[in-house]
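> For reference, the sequence and a predicted model appear below.
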Amino acid sequence: MDCSPDIKKNAGPTVDQALLRQRRTELGARASLPYTMRIQVVVFYKSTPTVNDADIHRNITNMANFFRPHNICFVLSDIEYIKDSAMADFNTDVPGPLLSYTRPSYLTIFVHTDLGAELNGTVYEIPSTYLSVTDDVVKSTYHNSTMTHEMGHCFGLYHTFQTSFGRENVPRNGDCKNCETSGDYLCDTQADVYSQINDVNTECVYTGTPIIYCGTEEYLYETNNIMSYGRRSCRTTFTNGQGGRARDFILTDSRLYSCIAPDILTVNNNVNYTGGVYSLTAKHLINVTSTSYIIAGAAKMRMSANRIRLGPGVALRPTLSGGIAAIKANAYCE
C-alpha cells in the first residue's frame, strides 16, 4: 500500500493567489521553468545496503520523466548510506527522528528496509519536503511510480479518491458539481473510488463495480493516474491540473520554494574546507570564479548542474578518508 492513512492534510483547495504572483515576480530570471528541485537521498540499512546507486538513479529518472511534461524537474545532490537498524525498520507513526537527516533547501528521499503496515511509501504531511519509500520499491521495476506518487503528495497533490474533504461527485456541471471543493480539489481528474489491484486488470481496465454518486453518471476510474491506487504499472500520468497545482504549491509553500535551484550559480567567495559536507547545485551552470576555492582533507563537496565551470583558483584535493570531490552533470533536467 502507498501512504499511511495518518498523513496530515494541510494543502487547501487553492493557494494564496497574491503570494503566488509575488513569488513569480521574485523568482524572475533567477529560476525559469521548468522549476528544478534540489534533492538528496538518504538510505538507512541494518548490516549492508540493500539498494545501490543504480537503483536510486533509475527511480529518480522515472520520477523526472513523469514530472517533466509539467515543468518540474530535479537535480540530485548526493546519496548517503547510513547504518542504523532503528531508522531502517522505521515507525512511521513517529516521524520526528527523520528531521535530523533533512537539509534546508533540499527535498529528501528516505529509503528504509521496512515501514510497517505493508506500506511501500509515505509522506507525513501534505505538502512536505521529505518522503519515505522501502528498499523493495527502489529495487523493483514494477513499483516505478511509487516514489513519484509520494513526491506528488510533497507538492500538494491528494489521492484521486480523496474523501477527507467530502466525496467528489461525477458531474462536472450542474447542481452535482463539487470537484473544486471536494475529493482532490481538481476537476480534470475524474471522480474516483478507492481501488485495489484486483479491481484493475493487466490491460489497465477497471473491472470493479460501477458506482454512481449524485446524478446518473458512473465513476470512470482513472487507472493511469499516478495519484490513484490500483495496479502500479498502469500509473503513468499526471493531469494538467495536477501539474499546475504542484507548481503553485512549489511557489507558495516556503519550504518547497527554497528547494528551487537557480538557473545559474556563480560562486566567488574564497574557502578552504578541510572537513564537513557541502553541495552546489544549479539547473544550467555552476560557475566558480573564486581566487582560492580549496576542498581538502576530509571535506565532502558535490557539484551538479548541466554545466560546471571551475576557475584557476579551484583546487579539489581531498586526501583523508571520507573526503569526496564529485562533479557530475545533471541527468534529470535539460
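Done, it's in. Numbering: from 1, shown residues only.
> Who are the packing partners of the longest helix anywhere in the chain?
Across the chain, the helix with the greatest residue count (assigned by DSSP state H) is helix 53-67. Packing partners of helix 53-67 (3 or more Cβ pairs under 8 Å, 6 or more residues apart in numbering; DSSP states H and E): strand 35-45, strand 72-83, helix 135-139, helix 146-154. C-beta coordinates here come from the backbone N, C-alpha and C atoms, glycine included.
> A18 falls within a helix, correct?
Yes - membership of A18 in a helix is supported by DSSP: H, G, I helix; E, B strand; the rest coil.
> Residues touching the longest helix of the chain, excluding its own?
Outside helix 53-67, the residues within contact range by Cβ atoms under 8 Å, 6 or more residues apart in numbering are 39, 41, 43, 73-74, 76, 79, 111, 133, 137-139, 141, 144-145, 147-148, 151, 226, 236-238, 243, 246, 331-333.
> now do stretch 191-200
Stretch 191-200 has contacts (Cβ under 8 Å, 6+ apart) with 159-161, 168-170, 179, 183-184, 206-208, 211, 213, 219-223, 225, 228-232, 234.
> Let me see the mean pLDDT of that stretch.
Confidence over stretch 191-200 (mean pLDDT, whole number) is 75.
> coming back round to it: cross-reference the contacts of stretch 191-200 with the strands and report the matches.
Taking DSSP state E, every one of the contacts of stretch 191-200 sits outside strands.
> Any chance of a PyMOL selection covering the buried ones in the residues you listed?
Here is the PyMOL command that selects the buried residues among these (16 or more other Cβ atoms under 10 Å):
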select buried, resi 159+160+161+168+169+170+179+183+184+206+213+219+221+222+223+225+228+229+230+231+232+234
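> Also compute the angle for the longest helix of the chain relative to helix 146-154, please.
An angle of 50 degrees separates the directions of helix 53-67 and helix 146-154 when computed by axes from the mean of the first three to the mean of the last three Cα atoms, to 10 degrees.
> Just the C-alpha atoms of helix 53-67, please, in PDB.
Coordinates of each C-alpha in helix 53-67 appear next as PDB, following Å, rounded to 0.1, in the frame of the first residue of the first chain:
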ATOM      1  CA  ASP A  53      23.200   3.900  -6.600                       C
ATOM      2  CA  ALA A  54      21.900   2.400  -9.900                       C
ATOM      3  CA  ASP A  55      18.600   1.500  -8.300                       C
ATOM      4  CA  ILE A  56      18.200   5.000  -6.900                       C
ATOM      5  CA  HIS A  57      19.100   6.700 -10.200                       C
ATOM      6  CA  ARG A  58      16.600   4.500 -12.100                       C
ATOM      7  CA  ASN A  59      13.800   5.700  -9.700                       C
ATOM      8  CA  ILE A  60      14.800   9.300  -9.900                       C
ATOM      9  CA  THR A  61      14.900   9.100 -13.700                       C
ATOM     10  CA  ASN A  62      11.400   7.600 -13.700                       C
ATOM     11  CA  MET A  63      10.200  10.400 -11.400                       C
ATOM     12  CA  ALA A  64      11.800  13.100 -13.600                       C
ATOM     13  CA  ASN A  65      10.200  11.600 -16.700                       C
ATOM     14  CA  PHE A  66       6.700  11.700 -15.000                       C
ATOM     15  CA  PHE A  67       7.100  15.300 -13.900                       C
END
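> Just the mean pLDDT for that helix, thanks.
The average pLDDT for helix 53-67 rounds to 97.
> can you check stretch 264-280 too?
Over the span of stretch 264-280, the pLDDT mean works out to 96.
> Now it: buried residues?
I264, L265, V267, Y273, V277, Y278, S279, L280.
> ok, now which ones touch the fourth one?
Contacts here follow Cβ under 8 Å, 6+ apart; on that basis Y273 touches I294, I295, A296, G297, A299, M301.
> which residues pair with it across the strands?
Counting by DSSP bridges, Y273 forms beta bridges with I295.
> Which residue ranges of the stretch 201-334 of the chain form helices?
240-252, 254-257 (DSSP state H, counting those that start in this stretch).
> a markdown table for the buried residues of stretch 264-280, including distance to A31?
Below are the buried residues of stretch 264-280 laid out as a markdown table (distance: Cβ to Cβ, whole Å):
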| residue | distance to A31 |
| --- | --- |
| I264 | 9 |
| L265 | 10 |
| V267 | 17 |
| Y273 | 26 |
| V277 | 24 |
| Y278 | 21 |
| S279 | 17 |
| L280 | 15 |
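> Now for these: which two are most distant?
By the measure Cβ to Cβ, I264 and V277 form the most distant pair in these, at 23.2 Å.
> Kindly compare burial across the helices and strands packed on helix 53-67 and name the winner.
Ranked by mean neighbour count under mean count of other Cβ atoms under 10 Å, the helices and strands packed on helix 53-67 are led by helix 146-154, which reaches a mean of 26.
> helix, strand or coil for F110?
Three-state call for F110 (three-state DSSP): strand.
> what's the burial count for it?
24 (other Cβ atoms under 10 Å).
> what pairs with it across the strands?
Beta-bridge pairing for F110 (DSSP bridges): V42, S132.
> That one contacts T129, correct?
No - F110 lies out of contact with T129 (Cβ atoms under 8 Å); the separation is 11.5 Å.
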